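Colleague: Structure for this input, please:
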Amino acid sequence: MTDATNEPTTIIDRASDAYEPQPGAKDRMVEMTDPAAMSADAAAPKVAQESIWVRTRRAFRTAPPTAWFGMIAIAVYIVVAVFAPVLAPFGEREIVGAQFEEPSAEFLLGTDNLGRDMLSRLIYAARNTVGIALITTILAFLLGGFLGMLAATLGGWTDQILSRIVDVLMSIPSLIFALLALTVANTWIGTLDNASPWLYTLALIVIMAVLDSTRVFRLTRAVAMNIVVMDYVEAARLRGEGLLYIVRKEILPNATAPLIAEFGLRFCFVFLLISALSFLGLGVQPPTADWGSMVRDNATLISFGVAVPLYPAGAIALLTVAVNFVVDWMLHRSSGLKD
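Modeller: Model (predicted):
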């Protein structure tokens, strides 16, 4: 006689012995419980991520004519500045003729007040003027950008101290401040024995970079203040990331678009201000070629109907317009607006 208490156990054992899992059932179970498989987009086709080169080519193809004009003009200026010794028919400081000679086959744009070839001086001035303005702008962005992000990230007394120093510097007009600082620096350099002309240029770069960094500081701080309150910045802080990591990995990539556009505008302002200072005699010092000083040296020819002073003035105006065209296009793209 079968024990009743053992009957259920016997039935379960028989059912367990009769059960045989189908091939691949375990794999299907794991696949069904995978979060990616349970997603509604699991069966959607994967879209290939476009490379940066593809996006760049599309951006250039859709660029307006003004942006193309600006980029071509900037490229020409860069080529002239890099290959100035090869393109210039004469030396930068070489006196090759009489004063104020008319344009001829030998001197395509004539000569200046000392008998130097105007075309050669224009070509060398592209290297000097554009190079000095570019170096000054880069230094201003490194200084003002880093301090602006530092003030926005740390806040507190650091932000207050840096902001008040910047407010004091910005309260004085840039041209007046630059004239005063350059007058003092040039007077001090003039007292040195065998002072190199490049010391004047170095003083100009440092003073202009410090003055222009105040504008960069204000913009960078304003942009970074809107980024430091984001969740991903707080998450980085909770992970224990350091200050440099947060600035370099979290804030800077999200502030790149407005900073690049501001870089172009700052370059124009620095470029024009350096040319104005050179015109006043406190910028790039002779005999170094500079468009601003070239306009000043040949300004008297305007009274005689000679267009020689207009050549460096036209070079200044063309580069300014070209950079502004490119900056406007970049601002339009970064804003997300459609034509």
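Colleague: quick one: residue 153 and residue 251 touch, right?
Modeller: Yes. Look at residue 153 against residue 251 with CB atoms under 8 Å: they come within range, at 6.9 Å. Every C-beta, even on glycine, is put in place using the N, C-alpha and C of the backbone.
Colleague: just the strands in the stretch 201-339 of the chain please.
Modeller: Shown for the stretch 201-339 of the chain, no strands are assigned by DSSP state E, counting those that start in this stretch.
Colleague: what stretches of this structure score poorly on pLDDT?
Modeller: 1-51, 335-339 (pLDDT under 70).
Colleague: Which single helix of it contains the most residues?
Modeller: Looking across the chain with DSSP state H, the single longest helix is helix 118-154.
Colleague: buried ones in that helix?
Modeller: Across helix 118-154, burial judged by 16 or more other CB atoms under 10 Å covers 118-130, 132-134, 136-137, 139-141, 143-153.
Colleague: Name all residues that sit in contact with residue 153 and residue 251 at the same time.
Modeller: 224, 228 (CB atoms under 8 Å, 6 or more residues apart in numbering).
Colleague: What is the burial count for residue 188?
Modeller: Neighbourhood size, residue 188 [other CB atoms under 10 Å]: 12.
Colleague: and for the helix or strand harbouring it, what are the contacting residues?
Modeller: Using DSSP states H and E, residue 188 maps to helix 174-190. With contact meaning CB under 8 Å, 6+ apart, helix 174-190 is reached by 169, 195, 199-200, 203-204, 207-208, 211-212, 273, 276-277, 280, 282-283, 285.
Colleague: Now list the buried members of those residues.
Modeller: When the contacts of helix 174-190 are checked for burial by 16+ other CB under 10 Å, the buried set is 169, 199-200, 203-204, 207-208, 211-212, 273, 276-277, 282-283, 285.
Colleague: Which pair of those residues spans the longest distance?
Modeller: Of all pairs drawn from those, the greatest distance, 24.8 Å, lies between 169 and 285 (CB to CB).
Colleague: who's in contact with stretch 156-173?
Modeller: Residues outside stretch 156-173 that contact it (CB under 8 Å, 6+ apart): 147, 150, 151, 152, 177, 210, 211, 214, 215, 217, 218, 221.
Colleague: For the first one, give me its contacts.
Modeller: It stands for residue 147. Going by CB under 8 Å, 6+ apart, residue 147 touches 162, 213, 217, 220.
Colleague: so residue 275 touches residue 129, yeah?
Modeller: Yes. With contact defined as CB under 8 Å, residue 275 counts as touching residue 129 (6.7 Å).
Colleague: shared neighbours, the two?
Modeller: Jointly contacting residue 275 and residue 129 under the rule CB under 8 Å, 6+ apart are 290, 291, 292, 316.
Colleague: Of those, which is the nearest to residue 231?
Modeller: Using CB to CB, residue 316 is the member of the shared contacts of residue 275 and residue 129 that lies nearest residue 231, at 46.6 Å.
Colleague: That closest one against residue 290, yeah?
Modeller: No. Residue 316 is not in contact with residue 290 according to CB under 8 Å; the separation is 10.2 Å.
Colleague: Tell me which of the two has more neighbours.
Modeller: The neighbour count for residue 316 versus residue 290, taken as other CB under 10 Å, is higher for residue 290 (26 against 21).
Colleague: between the contacts of residue 147, which is nearest residue 63?
Modeller: residue 220 (27.0 Å).
Colleague: Return the distance of that closest one relative to residue 244.
Modeller: Between residue 220 and residue 244 the computed distance is 16 Å (CB to CB, to the nearest Å).
Colleague: now residue 83
Modeller: 39 Å.
Colleague: Can you give me the end-to-end span of stretch 291-302?
Modeller: Taking CA to CA, to the nearest Å, the first and last residues of stretch 291-302 lie 16 Å apart.
Colleague: scratch that, stretch 99-119 is what I was asking about
Modeller: End-to-end span of stretch 99-119 (CA to CA): 14 Å.
Colleague: Check stretch 287-295 too.
Modeller: End-to-end for stretch 287-295, by CA to CA: 14 Å.
Colleague: All further residue positions should be reported with the first residue as 30.
Modeller: Renumbered: residue one is now 30, and that last one reads stretch 316-324.
Colleague: Can you mark which positions in that stretch are buried?
Modeller: 317, 318, 319, 320, 321, 322, 323, 324.
Colleague: So the closest residue to residue 305 other than its chain neighbours versus residue 104, what's the distance?
Modeller: Computed as CB to CB, 6 or more residues apart in numbering, the closest residue to residue 305 that is not its neighbour in sequence is residue 321, at 6.4 Å. Using CB to CB, residue 321 is found at 23 Å from residue 104.
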